[in-house]
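When you get a sec, could you give me coordinates for this:
(one chain, ligands or ions: 1)
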Amino acid sequence: MAQVLYMALPVPAKPRKAASSSSSSKPLKLPRRNRSTNISIPTVKGSGRRLLKPQKLNLEVSPHRAVSAVRLMRIELGGAFADLLNEKGKGSGENEMGYVQRTLGFRTRELSHHDLRLVTDIVGGTIRWRRYLDHLINSLCHDKDISSMEPLLLQILRIGFYEVVKLDMPPYAVVDENVELAKVALRPGAGNMVNGILRKLVALKENGTLPLPKVEGDDRAQARALATLHSHPVWMVRRWTKYLGQEEAIKLMIWNNSEPSFSLRANRASGFSRDDLVAQLNALKVPHKLSLYLDEFVRVKTGLQIVIHAGLLKKGLCSVQDESAGLVVSVVDPQPGETIVDGCAAPGGKTLYMASHLSGQGKVFAVDVNSGRLRILKETAKLHQVDGVITAIHADLRTLTDNEQLKSDKVLLDAPCSGLGVLSKRADLRWNRALKDMEELKKLQDELLDAASKLVKPGGVLVYSTCSIDPEENDDRVAAFLVRHPDFRIDPVDRYVPPDFVTSSGFFFSNPVKHSLDGSFAARLVRDS
Ligand SMILES: C[S@@+](CC[C@H](N)C(=O)[O-])C[C@H]1O[C@@H](n2cnc3c(N)ncnc32)[C@H](O)[C@@H]1O
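Numbers count the residues shown, from 1 in each chain. Here you go, the predicted model:
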């Protein structure tokens, strides 16, 4: 009965062993004990209680490390999206326990909100720093090539290395906990190996002799060293060094590796003002700052989990939306009574914001080729009480060019892009992009621009936007478009966004390093009457 109660109530964290900042030369001894137990876990389903079949419950392994290791494996092997927001639902702690059970062979206690926060930090950080961590692991495992290492063992090592080197956690606790995880989830020998390697790392760190590369030699060698030191793919370092210079490229990588901050947009279509949002954030004790640029936006550095758990998003009172995305909508400048095509609309961040500007008069045609993402858009539109002005269209934009009914005052093309402007929020993205993607993306962007232009009424406006900082996806696409479509001209955006965001060509550009926002781009193009 005591164990049943244990599952039903929030469980206090396992008492930590005394942390030590010095690394003793003695091998770390782990107490021999029975680490798992078979118990029945009662769950409440609907109105009746249902007894699940007995599950192996492990009370010794730290739950957030076990969940982090399994999530990292899923992301790397299965390509699962790094759900850094950790909303309840798919990818959340609750569902994840099933993956833990299947992967490790045991469950841990359920995750508390604090555990979920730790999972988010560890998973995000370990992914961001993967190249750097792997370099260190490789250097310390002379006899083992990490590409042939068991996937779970590698993830446990990465977590331990990240905690020691980047989180500066007490080494004793990190070694002890990760050794425990490796022993229980793999075998005692794996625990011994983790023990030996982590202890070597701790010693090197304390002596200030981590084996890191020097930035020297020719351009290629320097790019390789920087790529390791700042944990990015070499091709990105080379590209940014070419476009921005080495100093700015380094600043950008430092930004991409920093903890992301988020903005919230109060949904005025639900009658919820920014003052209302601020009052709620004060009540929840979530630190925040008003946006300097947009009336409905508030910046939140920490405490997003609290906002999510308080249900503000689920009630449609606000959205998580970066100010840079809000400023793209400012470039569109939606007005009541207008018809607007959002050509690549899902999951709908900009559609919903544009719709909220229409005050119930006008129409947004939200087109997207991805039915799943479009479904999310439709559901959120209802929640945000703007579904009356939104018509969702499941189609490839390139097939809609002859549709007279869609000819609109304004067309927004928020094109599929590399996402190189949002790497601080999308920790996994840098490893999922390749240089060859850029060529395919540019071709798609040109085709979509051509298609979008056919839906603009004479005298109407086409806004082309991306969440990329790469000139080849931004300025260059616009320049190529204007050559193909001499009936369009640039309308400088200085009437729509603060001067700090206006480029010399009259485009909108948010620079992550300069503005502390996601990187995004928008060009406003007017069609001849
Ligand atoms: C950058 S995302 C759009 C984000 C969206 N505007 C927002 O603010 O939430 C690009 C979208 O383009 C869609 N897409 C890609 N190719 C498309 C095509 N040929 N026709 C229509 N939509 C397309 C993708 O499914 C994806 O949802």
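
so where's the stretch 401-529 of the chain shaky on pLDDT?
For the stretch 401-529 of the chain, applying pLDDT under 70 flags no range at all.

The ligand contacts on that one?
414, 416, 448 (Cβ under 6 Å from any ligand atom). Backbone N, C-alpha and C define where each C-beta goes, glycine included.

Considering the residues you listed, which possesses the most neighbours?
D414 (25 neighbours; other Cβ atoms under 10 Å).

Name all residues that make contact with that one.
Neighbouring residues of D414 by Cβ atoms under 8 Å, 6 or more residues apart in numbering: 328, 342-345, 350, 465-466.

which non-adjacent residue is nearest W129?
Distance criterion Cβ to Cβ, 6 or more residues apart in numbering; nearest residue to W129, sequence neighbours excluded, is S231 at 4.8 Å.

Which of the residues of the stretch 401-529 of the chain next to the ligand fall in strands?
Among these, the residues falling in strands (DSSP state E) are D414.

Adding distance to L252, write the residues of the stretch 401-529 of the chain next to the ligand out as a markdown table.
Shown next, in a markdown table, are those (distance: Cβ to Cβ, whole Å):
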| residue | distance to L252 |
| --- | --- |
| D414 | 22 |
| P416 | 22 |
| L448 | 27 |
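
For the stretch 51-200 of the chain, give me the ranges with low pLDDT.
Residues of the stretch 51-200 of the chain meeting the criterion pLDDT under 70: 51-55, 78-94, 143.

all strands for it, in order.
Counting by DSSP state E, counting those that start in this stretch, the stretch 51-200 of the chain has strands at residues 55-58, 107-108.

neighbouring strands for the first one, and are they parallel or not?
I take that to be strand 55-58. Strand 55-58 has the following sheet partners, assigned by DSSP bridges: strand 36-39 (antiparallel), strand 107-108 (parallel).

List the residues that contact L420.
236, 433, 468-470, 519.

Strands - which of those residues land there?
Short answer: the contacts of L420 have none in strands (DSSP E).

and the two most separated of the residues you listed?
R433 and G519 (14.1 Å; Cβ to Cβ).

coming back round to it: can you tell me which of the strands of the stretch 51-200 of the chain is nearest to K205?
Closest among those, using Cβ to Cβ: strand 107-108, at 28.3 Å.

and which of the contacts of L420 is nearest K285?
Scanning the contacts of L420 for proximity to K285, where the rule is Cβ to Cβ, the winner is G519, at 31.0 Å.

residues contacting the closest one?
324, 420-422, 467-469, 509-512.

coming back round to it: from the contacts of L420, which ones fall inside helices?
M236 (DSSP state H).

Mind giving me the PyMOL command for buried ones among the contacts of L420?
Burial among these is assessed by 16 or more other Cβ atoms under 10 Å; the matching PyMOL selection reads:
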select buried, resi 236+433+468+469+470+519
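
Format the contacts of L420 as TSV; extra columns: distance to Q280.
Output for these, formatted as TSV (distance: Cβ to Cβ, whole Å):
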residue	distance to Q280
M236	39
R433	37
S468	33
I469	33
D470	37
G519	29
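
For Y353, grab the count of nearby residues.
Neighbour tally, Y353, other Cβ under 10 Å: 27.

need the contact list for it.
265, 319, 321, 325-326, 329.

just checking: which of those residues also lie near the ligand?
A325.

Among the contacts of Y353, which one lies nearest to the ligand?
Nearest to the ligand out of these is A325 (Cβ to the nearest ligand atom; 5.9 Å).

secondary structure class for that closest one?
When classified by DSSP: H, G, I helix; E, B strand; the rest coil, A325 comes out as helix.

In contact with it, which residues are there?
Contacts of A325 by Cβ under 8 Å, 6+ apart are 349-350, 353, 467, 518, 520.

can we see that at 10 Å?
Contacts here follow Cβ atoms under 10 Å, 6 or more residues apart in numbering; on that basis A325 touches 263, 265, 294, 297, 319, 349-350, 353, 414, 422, 465, 467, 510, 517-518, 520, 522.

what does the chain put close to the ligand?
For the chain, the contact set with the ligand under Cβ under 6 Å from any ligand atom comprises 325, 344-350, 367-370, 373, 396-398, 414, 416, 448.

Among those, name the buried ones.
325, 344-350, 367-368, 397, 414, 416, 448.
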